[in-house]
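1. quick one: sequence and predicted model below, then my questions.
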Amino acid sequence: MRTAVLIPCYNEAKSIQAVVEDFKANLPDADIYVYDNNSTDGTDEIARSAGAIVRYEARQGKGNVIRTMFREIDADCYIMADGDNTYPASFAPKLSRLVLDGAADMVIGDRLSSSYFTENKRPFHSFGNRLVRGLINHLFHAKINDIMTGARAFSRDFVKSFAVSSKGFEIETEMTIFALEHNFKILELPVEYRDRDADNPSKLSTYSDGYKVLQTIFRLLRDDRPTVFFGTIGVITILIGFGLFIPIVLEFSKTGEVPRYPTLIVLTALWIIGIVSIFSGVILSLINARARQEFERFMNLMYICDGREIRGNIRKRSRSVKKAESYGSWKGWDE
C-alpha cells in the first residue's frame, strides 16, 4: 500500500529540511513530495537535497497547489502537512494507518484539542478558528473540532473525487465541508502543534484570509444547502413585507382608504422575491439530490475500475508465475 506525503511550500527554506527529514524518519517507505509555489529563497533545492521529490506549481495559492497535487499523484494514502514545521511528523503513522485500514476517508489532525491555544501567539487566529468551527458545525450539523488544520490524511477515493475550487488558505474549510456533504468517513485525532519560529512568520493574513474563509463557508452553504440559504432569505423578505403591510391594514380598517401606495408596491415586490427565493431553494435542492446520486454512481464506477485493475494484475502475475514454473521445470530448477 503506497503512502504519499504532500507538502505545499512557499518560502519555507528555514524549516523544510527539518520537515522532510522528520517524515523520512517516521514514514521511511513513503514518497515525500514538496510542491514549490514560486519560492524565492531556495526552498526547492533544500527539499531536494533532503531527499524529497520536488515539483512546481506556478499558480499562487495553497488551493492551487493542492489541486495539482491531487491530480498528479497516485497513492493509497495521502498525508498532507505544512512546510513550516508546526506539526511533528510523529502524527503521520497513526493517521495513515486509519486510512489504509479503511476506517476513514479523511483523518483530521486536531490541533485545537491539543496544544494550539497554548502555543499560538496570535489571538485573532484563535478567535477565527473558534468562529469557523462554530459556523460549520451549526450550518452543516457536524461535530468537528478543528476545521482549518493543515495536518490531514486522505484516502484515494476522497482525493480523486474532490473537485478543488478554492485558490488559497480556505482549502481546508472546503475539504471539510466536501467530506461532510458527500458522506465520507471522517475521524479526528489530536496532534501536537508548535508555533512557528519568530524568524519564520506565517503567510496567513488574519483578516483577508479570514474573510475568504467566511466567503467560502457561505458559498458552499449556498451551493450545498440551497433550501436553507434561499429559504432563509425568502422567509426574512416575506416577514419584512408583513411588517410593512400591518400598518396599511390597520389604517384601512379605520379609514377605508389606502393612502400609501408606494409602500404597498414595495411590500408586494418583497413578497414576490421571497416566494421566488423559497421555490428556487427547493428546485436547487432537487438538483443537488440528483447530483449526489450521480456522485455515488461515479464512486461505484471508481470501485469497479479499481477492481478490474486489481483482477487484471492478479491474472498477469498468475500467468508470469506459471511461465516461470514451466521454464524452471524445463531447466531442472524445480527446487
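-> Structure received. As the structure is a prediction and not an experimental result, all values here were calculated from the model. Residues are numbered from 1 along each chain as shown.

2. care to break the protein down by domain?
-> For the chain, automatic domain parsing gives the domain ranges 3-224, 226-323.

3. what's the end-to-end length of the first one?
-> Distance across domain 3-224, first residue to last, is 31 Å (Cα to Cα, to the nearest Å).

4. before we move on, the earlier item: please identify the most buried of the domains of the chain.
-> Ranked by mean neighbour count under mean count of other Cβ atoms under 10 Å, the domains of the chain are led by domain 3-224, which reaches a mean of 19. In this view, the C-beta of every residue, glycine as well, is placed from N, C-alpha and C.

5. how far is that one from where the chain is centred?
-> 9 Å (Cα atoms, centre = their mean, to the nearest Å).

6. ok, the one residue sitting closest to the centre of the chain to residue 45 distance?
-> The centre of the chain sits closest to residue 175, judged by Cα atoms, centre = their mean, with a distance of 1.2 Å. Distance, residue 175 to residue 45, using Cβ to Cβ, to the nearest Å: 30 Å.

7. so which elements touch whichever strand or helix holds residue 253?
-> Per DSSP states H and E: residue 253 is located in helix 226-255. If you count contacts as 3 or more Cβ pairs under 8 Å, 6 or more residues apart in numbering; DSSP states H and E, helix 226-255 packs onto helix 208-224, helix 261-331.

8. which other helices and strands contact the shortest one?
-> With contacts defined as 3+ Cβ pairs under 8 Å, 6+ apart, helix 208-224 has these neighbours: helix 123-139, helix 171-181, helix 226-255.

9. now the angle between helix 123-139 and the shortest one, please.
-> In this case it means helix 171-181. Relative orientation of helix 171-181 versus helix 123-139 (axes from the mean of the first three to the mean of the last three Cα atoms, to 10 degrees): 20 degrees.

10. dump helix 171-181 to CSV, restricted to CA.
-> Extracted C-alpha coordinates of helix 171-181, given in CSV (Å, rounded to 0.1, in the frame of the first residue of the first chain):
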residue,chain,number,x,y,z
ILE,A,171,-8.9,25.0,1.0
GLU,A,172,-9.1,23.2,4.4
THR,A,173,-12.6,24.6,5.0
GLU,A,174,-13.7,23.4,1.6
MET,A,175,-12.2,19.9,2.2
THR,A,176,-14.1,19.5,5.5
ILE,A,177,-17.5,20.7,4.0
PHE,A,178,-17.0,18.4,1.0
ALA,A,179,-16.4,15.4,3.2
LEU,A,180,-19.5,16.2,5.3
GLU,A,181,-21.8,16.8,2.4
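
11. okay, helices next: where are they in the stretch 51-200 of the chain?
-> All helices of the stretch 51-200 of the chain, identified by DSSP state H, counting those that start in this stretch, fall at 62-72, 92-100, 116-119, 123-139, 156-161, 171-181.

12. list the helices and strands the first one packs on?
-> Here helix 62-72 is seen to pack against strand 3-9, strand 31-36, helix 171-181 when contacts are counted using 3+ Cβ pairs under 8 Å, 6+ apart.

13. let's have these in CSV, adding distance to residue 254 and mean pLDDT.
-> Listed next are those as CSV, based on distance: least, Cβ to Cβ, whole Å; pLDDT from 0 to 100:
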stretch, distance to residue 254, mean pLDDT
strand 3-9, 69, 95
strand 31-36, 72, 96
helix 171-181, 52, 91
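
14. distance to residue 191 for those - can I get that in CSV?
-> Listed next are the helices and strands packed on helix 62-72 as CSV, based on distance: least, Cβ to Cβ, whole Å:
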stretch, distance to residue 191
strand 3-9, 15
strand 31-36, 18
helix 171-181, 14
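
15. out of the ones you listed, which is closest to residue 152?
-> Among the helices and strands packed on helix 62-72, the nearest to residue 152 by Cβ to Cβ is helix 171-181 (7.2 Å).

16. returning to that earlier point: return the member of the helices and strands packed on helix 226-255 having the minimum mean pLDDT.
-> Among the helices and strands packed on helix 226-255, helix 261-331 carries the lowest mean pLDDT, at a mean of 71.

17. ok so, going back, worst average pLDDT in the helices and strands packed on helix 208-224?
-> In terms of average pLDDT, helix 123-139 trails the rest of these, at a mean of 81.

18. tell me the angle it makes with helix 208-224.
-> Using the same axes, to 10 degrees: helix 123-139 against helix 208-224 is 10 degrees.

19. just use 31 as the starting number from now, easier for me
-> Noted, 31 is the first residue going forward, which turns the last one into helix 153-169.

20. and helix 153-169, what does it pack onto?
-> helix 146-149, helix 201-211, helix 238-254.

21. for residue 260, which non-adjacent residue is closest in space?
-> Nearest non-adjacent residue to residue 260, counting by Cβ to Cβ, 6 or more residues apart in numbering: residue 311, 3.2 Å away.
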